[in-house]
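Participant: Got a sequence here, can you build the structure:
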Amino acid sequence: MSDIITEFRNENTKDIDILPTIEIVKKMNDEDKIVALAVEDESEHIAEGIDLIAKQFLKGGKLYYFGAGTSGRLGILDASECPPTFSVAKDMVTGFIAGGDGAIRHSIEGAEDNPDFGYADAGILKPDDVAVVISASGNPKYLLGVLKRAEEIGCKTIGITCNPKGRIADEAGLVICPEVGPEVIAGSSRLKAGTAQKMILNMLSTGAMIKIGKTYENFMIDLQASNEKLKDRAIRIVAQIANVPHSEALSALLKCDWEIKTAIVTLEMNLDINSARAELKKHRGVLRKLLNAKNAAV
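Facilitator: Residues are numbered from 1 along each chain as shown. Below you'll find the model as predicted:
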């Protein structure tokens with residue numbers, strides 16, 4: 001019998017194919033309730049991961065996700081949402097999937113079984129980067145190739161898996177392993193395991209961005225105001241933080257080319273745009289530190 005938890009048969013859902021639809025929904029929901037608790041059990045390891053990523057970001061390092069199938073797609077999804085959310089460079093967080101970009105939409109069988117593919121993709125890594133390998137089973141050879149390359153150059157590694165006996169659990173520097181148990185449909189790790197991975201990736205990228213000053217309180221102060229919805233959000237953020245009318249917030253944003261933090265500093269400190277940018281630079285772009293220093297000086 002396989003010792004891969006994600007391949008086990010779930011005793012709670014053996015009759016799922018003969019249940020009324022509402023009972024199928026309830027069964028799946030009951031299983032999903034397990035996921036949040038399993039992720040909670042890994043809170044300390046997730047926090048370690050956040051601090052590690054933030055530390056490497058401040059050194060100029062980058063974050064890379066590597067995965068196969070669902071895991072690879074989840075990494076790419078998380079990476080693709082970082083630039084618009086936090087205005088980071090497009091290559092600051094990057095996702096790789098076994099089999100290349102074609103595997104994002106279509107399954108490429110066998111790609112995860114080749115360690116050379118992973119080793120080659122990991123050629124992009126540098127010592128100050130963080131490589132996060134993602135797999136429900138924890139066994140794809142593709143990821144072992146990534147970890148081999150990372151070890152050779154001294155790159156920090158994090159493994160996300162739902163199988164404590166998976167090989168990446170032995171090879172990665174830091175392991176985050178929420179044990180969500182057997183899937184509703186045996187082996188379909190896009191379900192509970194995928195949900196757990198998505199939750200953890202949310203925490204890692206968002207937590208690291210918070211730590212390097214990409215938010216103020218719980219405001220998204222580095223978002224790219226690239227459409228009407230986001231421009232409206234930017235106006236509301238500036239108005240609330242600087243305590244000014246929306247019209248004044250809009251005026252400041254237009255002058256600052258929609259740079260939220262710059263607009264806030266011009267309003268809060270009565271500075272011109274270049275001086276506001278200079279003040280932000282002195283505080284490494286962390287608005288909280290700048291405003292705290294301003295208030296302490298009053």
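
Participant: Give the buried residues for the one helix or strand Ala276 maps to.
Facilitator: Per DSSP states H and E: Ala276 is located in helix 273-282. Buried residues in helix 273-282, defined by neighbour count with 16 or more other C-beta atoms under 10 Å: 273, 276-277, 279-280. No exception for glycine: its C-beta is placed from N, CA and C like everyone else's.

Participant: now for that helix, which elements pack on it?
Facilitator: Judged by 3 or more C-beta pairs under 8 Å, 6 or more residues apart in numbering; DSSP states H and E, helix 273-282 is in contact with helix 260-269, helix 287-297.

Participant: Go ahead and confirm Asn163 touches Ile5.
Facilitator: Yes. In this structure, Asn163 is within contact of Ile5 by C-beta atoms under 8 Å, at 5.1 Å.

Participant: what's in contact with stretch 12-23?
Facilitator: 24, 27, 30-31, 184-185 (C-beta atoms under 8 Å, 6 or more residues apart in numbering).

Participant: Looking at those residues, which is nearest Gly69?
Facilitator: Closest approach to Gly69 among these (C-beta to C-beta): Ile185, at 14.9 Å.

Participant: neighbours of the nearest residue to that closest one once chain neighbours are set aside, just the number please.
Facilitator: Spatial nearest neighbour of Ile185, excluding adjacent residues (C-beta to C-beta, 6 or more residues apart in numbering): Leu191 at 6.9 Å. For Leu191, the count of nearby residues is 21 (other C-beta atoms under 10 Å).

Participant: One more: Glu81?
Facilitator: Count around Glu81 with other C-beta under 10 Å applied: 15.

Participant: residues contacting it?
Facilitator: Contacts of Glu81 (C-beta under 8 Å, 6+ apart): none.

Participant: Tell me the pLDDT of it.
Facilitator: Looking at Glu81, its pLDDT is 95.

Participant: how about it, phi and psi?
Facilitator: phi -90, psi -10 (degrees, to the nearest 10).

Participant: how near is it to Lys90?
Facilitator: Distance, Glu81 to Lys90, by C-beta to C-beta, to the nearest Å: 12 Å.

Participant: circling back to that earlier point, with mean pLDDT, distance to Asp121 and mean neighbour count added, can I get the helices and strands packed on helix 273-282 in a markdown table?
Facilitator: Listed next are the helices and strands packed on helix 273-282 as a markdown table, based on pLDDT from 0 to 100; distance: least, C-beta to C-beta, whole Å; neighbours: other C-beta atoms under 10 Å:
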| stretch | mean pLDDT | distance to Asp121 | mean neighbour count |
| --- | --- | --- | --- |
| helix 260-269 | 96 | 35 | 24 |
| helix 287-297 | 84 | 36 | 14 |
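
Participant: Great, nothing more from me.
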